[in-house]
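J.: Fold the following, please.
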Amino acid sequence: MSPRDIFYGWWLVGITMFVLTVIITPIFQGLGFFFVALEREFHWSRTVLSLPFSLGRVEGALVGPVEGYLTDRMGSRRMVLIGFVILGGGFIAFSFIQGVVGYYLTFVVIFLGAGLGGFVPLMAALNHWFVRNRAKAMGIGLIGSSLGALLAPLLGQAIQGLGWRPIALWLGIGVVALAIPIASLVRNRPEEYGQRPDGDPPHDPTTEASVAETAVEDDASFTVGEAIRTPAFWAIAAAHGFSAASAVAIAVHIVPAMTDIGMSLAGAGTVVLTYGAAGGIFQLLGGFLGDRVPKPPVIAAFVVVQGMGMLVAATIHTVPGAYLFAVLFGIGLGGRAPLLTAIRGDYFGRRNFATILGVSQVPMNLIMMGAPIAAGYFFDTLGSYTVPFLGLAALNFLGAACMLFARKPALPASRQKKTTAQPPA
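T.: Residues are numbered from 1 along each chain as shown. Below is the predicted model of the structure:
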């Protein structure tokens with residue numbers, strides 16, 4: 001089989017993996033290294049250093065619906081282009097900051113670019129290109145977040161050897177340079193290229209049967225208003241937000257937490273690498289499971305495992321405990337990630353997926369925004385991460401319980417007749 005014979009959706013999965021690696025490595029998995037470097041240079045408290053992540057969550061709550069709406073209207077390709085340019089510009093500006101105000105402002109720009117050009121448009125594209133293999137495709141694509149963890153130790157070594165300013169500058173230049181080449185490879189919907197989701201045989205768009213089938217498909221998708229009136233929308237958003245609060249806090253605080261127990265920056269990097277490797281393996285497993293078994297109980301199980309990892313982080317302050325945390329946290333985080341995204345496509349359809357995903361980020365980000373700053377505050381006050389990590393563990397267990405109530409909703413009765421209509425003979 002030649003490369004041209006491979007369904008383009010799978011190429012798009014690879015592009016998603018690469019883009020998320022570019023975004024996740026410096027912002028989420030690698031931010032702890034910038035965190036330590038800034039702490040040493042400016043002597044800011046960890047509460048002050050944590051605030052941009054909370055600002056990023058506020059920004060996500062405000063901009064998430066806009067990201068989704070623009071993605072559904074403009075397409076994923078344009079959004080990736082716009083996002084990469086903004087993201088790269090944010091890192092370039094960050095490399096020149098001289099105080100806390102510049103730190104906050106540049107990270108607002110960085111998070112805006114990552115949001116516009118990252119998760120929402122890429123997941124929307126995969127949701128269009130896959131139906132039967134949706135969870136599997138998203139699981140493979142989201143390995144990019146785990147690759148970011150695998151590359152984070154290299155970023156830490158580079159910052160330690162060259163300084164954080166040159167690394168931030170070259171990151172920004174590299175992202176801007178990649179904007180046009182990467183965006184040109186993104187394709188919005190298979191129908192625009194005469195293809196069908198999952199590589200199914202294409203239909204002749206000139207026939208009445210094909211037009212009617214497409215209309216039925218589109219009508220089977222929930223509108224945003226219909227989606228937010230379902231209990232499933234809120235149960236999924238709660239489960240996602242409660243479990244993601246840990247991921248956000250860990251991205252900011254895990255490297256300083258590891259240095260607090262005596263590990264070097266390189267050693268802390270291996271902890272990040274460990275949960276990244278575990279996450280990558282279980283993203284694949286979660287994706288394959290999600291296409292074969294009901295998603296809610298599987299998601300709940302992975303979220304519980306993630307919570308167990310947070311319990312270990314809170315109570316075992318040793319190097320072996322750090323690696324046990326990393327394995328459990330990586331399993332839970334990796335396994336749940338593709339399923340929490342794919343289930344929205346299963347439940348609410350393709351037509352308004354990005355907008356629904358963006359709107360769901362409002363409650364999610366409201367839940368997440370306090371996690372990193374609260375962890376920093378408790379550390380500054382108590383000298384330990386025990387209390388905030390225990391609280392995050394409890395949120396994971398609450399999220400798992402919410403997920404068990406996420407039943408697949410039915411379309412309003414007034415629309416069910418349309419979706420069951422048969423194409424004309």
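J.: number of nearby residues for the residue nearest to Y275 when sequence neighbours are not counted?
T.: Using Cβ to Cβ, 6 or more residues apart in numbering and skipping residues adjacent in sequence, the residue nearest Y275 is G330, 3.5 Å away. Any C-beta I mention is one placed from the backbone N, CA and C, and that applies to glycine too. The number of residues packed near G330 is 28, by other Cβ atoms under 10 Å.
J.: Quick check: G330 touching G276?
T.: Yes - in this structure, G330 is within contact of G276 by Cβ atoms under 8 Å, at 6.6 Å.
J.: follow-up on the earlier one: so where does the residue nearest to Y275 fall, helix or strand?
T.: For G330, the host element (DSSP states H and E) is helix 319-348.
J.: So for that helix, what gets flagged as buried?
T.: By neighbour count on 16 or more other Cβ atoms under 10 Å, the buried set for helix 319-348 is 322, 324-348.
J.: can you check stretch 133-151 too?
T.: Across stretch 133-151, burial judged by 16+ other Cβ under 10 Å covers 133-151.
J.: Can you measure across that stretch, start residue to end residue?
T.: Terminal residues of stretch 133-151 lie 28 Å apart, using Cα to Cα, to the nearest Å.
J.: check contacts around the nearest residue to G9 once chain neighbours are set aside.
T.: Among residues not flanking G9 along the chain, W129 sits closest, at 3.6 Å (Cβ to Cβ, 6+ apart). Contacts for W129 (Cβ atoms under 8 Å, 6 or more residues apart in numbering) come out as 8-9, 12, 137, 187, 189-190, 197-198.
J.: how much space between W129 and R229?
T.: The gap separating W129 from R229 is 28 Å, by Cβ to Cβ, to the nearest Å.
J.: Over to G117?
T.: For G117, the distance to R229 equals 30 Å [Cβ to Cβ].
J.: Could you check which of those two is surrounded by more residues?
T.: More neighbours surround G117 than the other of G117 and R229, with 31 against 13 (other Cβ under 10 Å).
J.: pLDDT score for the more buried one?
T.: pLDDT recorded at G117 is 86.
J.: Please name the nearest non-neighbouring residue to it.
T.: In space, and not counting its chain neighbours, G117 is closest to G83: 1.7 Å by Cβ to Cβ, 6+ apart.
J.: ok, the one you found touching F119?
T.: No - in this structure, G83 is not within contact of F119 by Cβ under 8 Å, at 10.0 Å.
J.: These two: who's more crowded?
T.: Neighbour count, other Cβ under 10 Å: between G83 and F119, G83 has more, with 27 against 22.
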